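Asker: this one's sequence-less:
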């Protein structure tokens, strides 16, 4: 059939005829042919009028898939708006779930973000249940970077990750690994990474942390990615993080973002590690446990460093009771108290000095 013949036929058919033809194998072939010509929009509109019925039909669903492939963003968004309350019911049928998979695969990142926000998230349990778990998993894997970076769609990945079995979790992690560094710098995908890193198996965690550590200096000083390392320390990888900071601990402790990671190491690492942190941050001569005034003043000068000093005071005064380092640190801080702008640190120094004086008396 030529295009001109198809054009004449399009003018003769109506919505009901398109619906009936789409349910028959021979008729569906004809409708598919009409969708290939330049003047296919009218046929597509008639398919849309019968979408709810055709989308779950054994033959009609193929016509719907053809239409989805030809639609532009505006048309995809119209479908979402018109049928957003029906998608959850469509998802429960075998043919409907296949059509949803096609819609997800051809939609742009912008449309996908809105689809996840308005359609998937409100009824996530329905969409993530069998047989759709695998469908969602496959499509999230294919578009994991734009999904995780979407303002709202990023929330579907943690939900899906929690819902998946062990193999599904492994597949999602495998999909995100090539993008892990780039995604760590995005505010939305960073939150998703934190969730996955905080809940995944130790074996999977090891491989992802190695990737993040490979670009440590950039990751630890970026506003979106720095919190990832705080969480990694909490999960027991403080020593690995410390070894990356070793030699530059004072610089990281004075950094607005790096200081949070240093503090987490002080609070969560074992004694052998925290001892090394204290020595590098505070002491020049390890033989006499005397605190370096220059190092302390460097920390005091920055708001971030002053809070790290608070953690150091807490550590040496309570956790390990290293009296020599504690006395030296407290003496140095009290001597330079007028240089300290952090009121919380000032108050703590005064409290500890009074407490020590009371003990001596």
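Answerer: Thanks, I have it. The model shown is predicted, which means the values in this text are computed figures rather than measured ones.
Asker: any low-confidence regions in the protein?
Answerer: 1-13, 38-39, 128-136, 152-153, 286-289, 317-322, 360-361 (pLDDT under 70).
Asker: change it to 50
Answerer: Along the chain, no part satisfies pLDDT under 50.
Asker: where do the strands sit along the protein?
Answerer: Applying DSSP state E to the chain gives strands spanning 283-285, 290-291.
Asker: can you tell me which of those strands is packed in deepest?
Answerer: strand 290-291 (a mean of 22; mean count of other C-beta atoms under 10 Å). For the C-beta atoms, the positions are set from N, CA and C on the backbone; glycine is no exception.
Asker: so what's the gap between that strand and the chain middle?
Answerer: Strand 290-291 has its C-alpha centroid displaced from the chain centroid by 42 Å (C-alpha atoms, centre = their mean, to the nearest Å).
Asker: list the buried residues for stretch 155-171?
Answerer: 155-161, 163-164, 168-169, 171 (16 or more other C-beta atoms under 10 Å).
Asker: wait, which of those residues is closest to residue 349?
Answerer: residue 158 (41.9 Å; C-beta to C-beta).
Asker: show me the contacts for that closest one.
Answerer: 192, 195-196 (C-beta atoms under 8 Å, 6 or more residues apart in numbering).
Asker: again with residue 22
Answerer: 28, 31, 47, 50, 54, 57, 59-60, 63.
Asker: can you tell me which of those end up in helices?
Answerer: 28, 31, 47, 54, 60, 63 (DSSP state H).
Asker: in a markdown table, list the residues you listed along with distance to residue 290.
Answerer: Formatted as a markdown table, these follow (distance: C-beta to C-beta, whole Å):
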| residue | distance to residue 290 |
| --- | --- |
| 28 | 86 |
| 31 | 87 |
| 47 | 82 |
| 54 | 82 |
| 60 | 83 |
| 63 | 82 |
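Asker: buried members of those into PyMOL, please.
Answerer: Command for PyMOL, covering only those of the ones in helices among the contacts of residue 22 found buried under the criterion 16+ other C-beta under 10 Å:
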select buried, resi 28+31+47+54+60+63
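Asker: closest to residue 122 out of the ones in helices among the contacts of residue 22?
Answerer: Closest approach to residue 122 among these (C-beta to C-beta): residue 54, at 24.2 Å.
Asker: give the buried residues for stretch 244-252.
Answerer: Applying 16+ other C-beta under 10 Å to stretch 244-252 flags 244-245, 249-250, 252 as buried.
Asker: quick check, nearest of the buried residues of stretch 155-171 to residue 301?
Answerer: Nearest member of the buried residues of stretch 155-171 to residue 301, counting by C-beta to C-beta, is residue 158, at 39.5 Å.
Asker: what separates that closest one from residue 276, distance-wise?
Answerer: Using C-beta to C-beta, to the nearest Å, residue 158 is found at 35 Å from residue 276.
Asker: then residue 347?
Answerer: 29 Å.
Asker: ok, residue 183 next?
Answerer: Residue 183 sits 32 Å away from residue 276, taking C-beta to C-beta as the criterion.
Asker: neighbour count for the two, which is higher?
Answerer: Between residue 183 and residue 276, counting by other C-beta atoms under 10 Å, residue 183 is the more crowded of the two (21 against 18).
Asker: that'll do, ta.
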